[in-house]
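Undergrad: below are the sequence and a predicted model for it; my questions follow.
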Amino acid sequence: MTDAADELRGPNEVDIHVGAMVRIRRKALGMSQSDLANATHLTFQQIQKYERGTNRISASKLYAISRCLNQPIEAFFRGLEGLVTENRFEFGHLQPDAKGSLSSEEGERLAQSLSQIRDPDVRRKIFELVSVLSRQK
């Protein structure tokens, strides 16, 4: 499909994810959108659009944002692993309410807390626990 067709469908899931990760990191640092905008020579409205995934973040701006937030660029893509199939991103496995939960305040706090756990085995155990708990009625 063409870029014009992509734009008609709305924001790309990857852009939404990267923007949400920027928002989580910014909030974790206690930084306002205006603070980030000033540090990266943008407007706070542009930061809002990036964080919502409405606008894509260019490579140069993502680099500037990553430096300002003291976060490696690849951190903004965490969570996308395993979602790429035949050069397409597959997000259909997420229920609509799950996408909203990820961008809620609780979802952001959970993601921030998990990102601070450096031991991958501990993160996996937490994931397994949450998976078991989610199946209970």
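TA: Received, thanks.

Undergrad: going forward, measure contacts between C-alpha atoms and count neighbours the same way
TA: Noted.

Undergrad: so for the helix or strand encompassing residue 106, what's the average pLDDT?
TA: According to DSSP states H and E, residue 106 maps onto helix 105-115. Average pLDDT, helix 105-115: 75.

Undergrad: centre of the chain to that helix, how far?
TA: Centroid separation for helix 105-115 versus its chain: 11 Å, with C-alpha atoms, centre = their mean, to the nearest Å.

Undergrad: flag every buried residue along that helix.
TA: By neighbour count on 16 or more other C-alpha atoms under 10 Å, the buried set for helix 105-115 is 107-109, 111-112.

Undergrad: dump these into JSON lines; add distance to residue 18 as well.
TA: Listed next are the buried residues of helix 105-115 as JSON lines, based on distance: C-alpha to C-alpha, whole Å:
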{"residue": "107", "distance to residue 18": "15"}
{"residue": "108", "distance to residue 18": "13"}
{"residue": "109", "distance to residue 18": "16"}
{"residue": "111", "distance to residue 18": "13"}
{"residue": "112", "distance to residue 18": "14"}
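
Undergrad: quick check: mean pLDDT across stretch 40-54?
TA: 93.

Undergrad: just name the closest of the buried residues of helix 105-115 to residue 45, please.
TA: Taking C-alpha to C-alpha as the measure, residue 45 lies nearest residue 108 of the buried residues of helix 105-115, at 20.5 Å.
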